[in-house]
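J.: fold the following, please.
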Amino acid sequence: MAIGQEISSVKRGLPPAHYTLEIKKYSQLSKAVADRYESAIFKTKNESQECNWRLILYPNGNKKGQGTGHISLYLALDESTYFPNNPWEVFVNFTFFVQDRIKNEYLAIRYDDGAVIRLHSMKRECGIDKLIPLQAFKEPSNGYLVDDSCVFGAEIFVIKPTGKGEALSIVKVPAQAGNILRWKIPNFSDLRDPEYYSSEFNAGGREWRIVICPMGDDKDDKAKGNYLSFYIRLQGSDDIFQSKRKLYAEYKMRVLDHPRIRIDEQRSSCWFSSEIRESGYPCFMSLDSLHKGGYLYGDTLIIEVEFLIVSVVKDQK
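T.: Predicted structure coming up:
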């Protein structure tokens, strides 16, 4: 019934979530029961399954196991949980408790590897042979047995794999024209609005826009009036925004001079999400360099974004 004897314990103030068993006149119980005491049925329920349980207490230790000199405590799945004609199994993780009635806190005891135990028709019980030594349990200063009264408890978590999940891939985007957006902006010196947006384009299976602030981003004191601000913005992507997922992208952002001799380029990356839909540089290039460096031929600005890597997430069901 026990799965090993490596257990760990910790004190906590919160009582057990699922069941408590208070025993008054513990000394009389330990004399009265020939072997063990079974609690009433109690239920646990989660989205996967409702289960009916009993606590099984050996006040003098389970002599058939390794409980000599200890209190032994077990969890038993009651037959009313399942349909007898159907095969069944339950995977469970549990924690047992003993109350320190002096400090009004609980000693929480569990297998230190967080074991998940499989119960089935041939094995309905699991538990701990050596829950607590009888000597420590009866020591008055420990507070476990006060006025011949004590409290045990249990928290039980039934685990049922849902099959839900996701598979994340970091995919290199092929170097092809479809993954590079080139935006020619004529009459750059006449632009007066704070922001301008490119048309949408697809890269890595996602829709994007380029955003520029021709006189610098108003939200950045250094950039305002002094720099070209240059961003990319993730469009749509409800599957990411509604599920609170993130999308990783690496990309190059560049301003081209017209003879294609010089390129002012920055390589960047970002995890995009419902909170972060835009990334880039408020101070991408000074307006002085832009005007004097040959980047505005015929007052036309040419900028590009080239995507290098985009993450892909697929649901697993």
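J.: where does pLDDT dip in the stretch 101-250 of the chain?
T.: Scanning the stretch 101-250 of the chain for pLDDT under 70 picks out the ranges 161-165, 174-178, 237, 241.
J.: the same query, at a cut-off of 80, please.
T.: By pLDDT under 80, the low-scoring segments of the stretch 101-250 of the chain are 112-114, 121, 159-171, 173-179, 204, 236-245.
J.: helices along that one, start to end?
T.: 134-138, 238-241 (DSSP state H, counting those that start in this stretch).
J.: buried residues in the longest one?
T.: Right, the one you point to is helix 134-138. Buried residues in helix 134-138, defined by neighbour count with 16 or more other CB atoms under 10 Å: Leu134, Phe137. Bear in mind the C-beta positions are built from the backbone N, C-alpha and C, glycine included.
J.: okay, Gly280 and His291: tell me how far apart.
T.: As defined by CB to CB, to the nearest Å, Gly280 lies at a distance of 21 Å from His291.
J.: of these two, which one has the most company?
T.: Taking neighbours as other CB atoms under 10 Å, Gly280 and His291 compare with Gly280 leading, 21 against 13.
J.: ok, for that one, nearest residue in space, not its chain neighbours?
T.: What sits nearest to Gly280 in space, not counting adjacent residues and going by CB to CB, 6 or more residues apart in numbering, is Tyr231, at 3.2 Å.
J.: try Lys314
T.: Nearest residue to Lys314, sequence neighbours excluded (CB to CB, 6+ apart): Ala167, at 4.9 Å.
J.: same question, Phe157
T.: Going by CB to CB, 6+ apart, Phe157 has Asn93 as its nearest residue, at 4.8 Å.
J.: then Lys224?
T.: For Lys224, the spatially nearest residue (CB to CB, 6+ apart) is Gly216, at 4.4 Å.
J.: look up how far Gly127 lies from the one you found.
T.: 69 Å.
J.: re the thing from before, which parts of the helix or strand that contains the residue nearest to Phe157 are buried?
T.: Using DSSP states H and E, Asn93 maps to strand 89-100. Neighbour counts using 16+ other CB under 10 Å place Val90, Phe91, Val92, Asn93, Phe94, Thr95, Phe96, Phe97, Val98, Gln99 of strand 89-100 among the buried residues.
J.: go on, stretch 138-152?
T.: By 16+ other CB under 10 Å, the buried positions in stretch 138-152 come out as Asn142, Gly143, Tyr144, Leu145, Cys150, Val151, Phe152.
J.: equivalent analysis for stretch 297-305, please.
T.: Buried residues in stretch 297-305, counted by 16+ other CB under 10 Å: Leu301, Ile302, Ile303, Glu304, Val305.
J.: quick one: which of the residues you listed sit in strands?
T.: Applying DSSP state E to the buried residues of stretch 297-305, the entries found in strands are Leu301, Ile302, Ile303, Glu304, Val305.
J.: out of these, which comes closest to Tyr37?
T.: Val305 (71.8 Å; CB to CB).
J.: related to what we said a few turns ago, in strands, which of the buried residues of stretch 138-152 appear?
T.: Those of the buried residues of stretch 138-152 lying in strands (DSSP E): Cys150, Val151, Phe152.
J.: so what pairs up with the last one in the strands?
T.: Assessed by DSSP bridges, Phe152 has beta-bridge partners Leu21, Val98.
J.: could you give the number of residues near Ser286?
T.: When neighbours are counted by other CB under 10 Å, Ser286 registers 16.
J.: OK, contacts around the closest residue to it other than its chain neighbours?
T.: Among residues not flanking Ser286 along the chain, Tyr227 sits closest, at 5.5 Å (CB to CB, 6+ apart). Taking CB atoms under 8 Å, 6 or more residues apart in numbering, we find Tyr227 in contact with Gly216, Asp217, Pro282, Cys283, Phe284, Met285, Ser286, Leu287.
J.: ok, Glu6 next?
T.: Neighbour list for Glu6: Tyr111, Asp112, Asp113 [criterion: CB under 8 Å, 6+ apart].
J.: among those residues, name the ones in strands.
T.: Per DSSP E, the subset of those in strands is Tyr111.
J.: out of the contacts of Glu6, which are buried?
T.: Tyr111.
J.: could you redo the buried residues of stretch 138-152 as TSV and give each row distance to Glu195?
T.: Converted to TSV, those look like this (distance: CB to CB, whole Å):
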residue	distance to Glu195
Asn142	69
Gly143	67
Tyr144	68
Leu145	73
Cys150	70
Val151	65
Phe152	66
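J.: okay then, goodbye and thanks.
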